[in-house]
Each structure stands twice: as structure tokens, then as C-alpha cells.
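**Student:** attaching a predicted model along with its sequence, questions to come.
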Amino acid sequence: ITDTTKATDVLTEANKLAIGGNARLSVTIDGLTSVMKGYGDKVTDVADVSDALFVAALAGKTTIEELSEGLGRAVPLAENLGVSFDELSGSVAALTLAGISTREAVTGVRAILSSIIKPTSEAAEEAGRLGLQFNSASVKSKGFAAFLEDIKQKTGGSSDSMALLFGGVESLIPALALTGN
């Protein structure tokens, strides 16, 4: 951050987030700056990022520190696919409600996004069979939540179809959790 005003805004929001979320200031600064840098021009207001982190912590079984420390690992893929920060943080929060740790939830969402960016031949074949667009363009045009809802509808919740689409357990378990009840 090179702009003094922007740096002051980040510090102010990080301080509020640290106090409100009972977190260390250094961790909230790191989390906010990672998201701001990762999303670039797509995220213009640091207060929106701070609010999303706070809401995700309240909605899930996670903390501001865990989210601040972990979400940056998924931001580059999410940004590349057009997944908003609200959808990213919301997905992680939803997975923590299913009993998945924050670290595993971030890793899982990251694996789901990787599966979409570079689907296996089995995934491409299954997507074709289901009449499903399983690619980056589909996520970008529909949004992540609608993309997952489409998968849920087209697979009928079949774990066999989901396994073909998402492959390894690292992405399959969170995909099943996000498309389940």
C-alpha cells in the first residue's frame, strides 16, 4: 500500500477488526492486506473486506485470526475465477459449520477452485454427460453459489457424480458439504 490515506484506512479497519474479533492487530493487518492485494481493483473498500471477515466469523465456527491467516491462500484462485470475497469467506464459514476446521475449509475451497480451473478428463466427461458447464467461464458468469447449485441439481446429489467431478477427497468432501443440505 503506497497511498497514505489507504494505509491509514487499512490500519483503522484492521484495528476495529482486531478489537471486535478479539484478534491480534498484526494478523488482521496481514489478512486485510492479503485480500486487498489479491483482489486488486475488484475490492476497493477495506471496510467491506473487514465486514466480510467479521460476518464469516460470526456465521461460522471460526475466528477472525483463523480467517485472516488462511483465506489469503485461496484468494488468487478465487479472484481468477471471479469468486467474490463474500462468496469465498461465506463458503469457508459454511464449511466450518459442518465441522471442518478453518484451515481444512480454506484448503477445500482452494481444491474445489483448482478442480474447476483444471478439470480432469473424468470430470470433463462427467460434466458432458450431465450437460454441465464445469469450467471457469461458468463460475464467472453465474457466480460461485449458483455454479454449485447447478452442480447439485445436475448431479441430483449423487456422490458418484460428485467424485468424478471433483476427484480427490481434498475437494470432494467440501464440495459435498457445500452442495448438501
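**Tutor:** Structure received.

**Student:** measure the closest residue to Glu122 other than its chain neighbours to Asn15 for me?
**Tutor:** Using CB to CB, 6 or more residues apart in numbering and skipping the chain neighbours, the partner closest in space to Glu122 is Leu164 (5.0 Å). Using the backbone N, CA and C atoms, a C-beta is placed for each residue, glycine as well. Leu164 sits 47 Å away from Asn15 when distances are taken as CB to CB, to the nearest Å.

**Student:** give me the more crowded residue out of these two.
**Tutor:** More neighbours surround Leu164 than the other of Leu164 and Asn15, with 21 against 14 (other CB atoms under 10 Å).

**Student:** I'd say that one and Ala123 touch.
**Tutor:** Yes. The pair Leu164 and Ala123 passes the contact test of CB atoms under 8 Å, sitting 6.2 Å apart.

**Student:** where does pLDDT dip in this structure?
**Tutor:** 1-2, 181 (pLDDT under 70).

**Student:** ranges for the helices of it?
**Tutor:** In the chain, the helices defined using DSSP state H lie at 4-20, 25-39, 46-59, 64-70, 75-81, 85-97, 102-117, 121-130, 136-142, 144-155, 159-166, 169-179.

**Student:** list the buried residues for the last one?
**Tutor:** Going back to what we said before, that points to helix 169-179. Residues 170-179 are the ones in helix 169-179 that count as buried (16 or more other CB atoms under 10 Å).

**Student:** the fifth one too?
**Tutor:** Neighbour-count burial for helix 75-81, with 16+ other CB under 10 Å as criterion, is recorded at 75, 77-79, 81.

**Student:** with the second one instead?
**Tutor:** Buried residues in helix 25-39, defined by neighbour count with 16+ other CB under 10 Å: 27-29, 31-36, 38-39.

**Student:** and which of those residues is nearest Pro119?
**Tutor:** Nearest to Pro119 among those is Gly38, at 23.1 Å by CB to CB.

**Student:** which residue, other than its chain neighbours, is closest to that closest one?
**Tutor:** Nearest non-adjacent residue to Gly38 (CB to CB, 6+ apart): Val75, at 3.4 Å.

**Student:** tell me the contacts of the one you found?
**Tutor:** 34-35, 38-39, 85, 88 (CB atoms under 8 Å, 6 or more residues apart in numbering).
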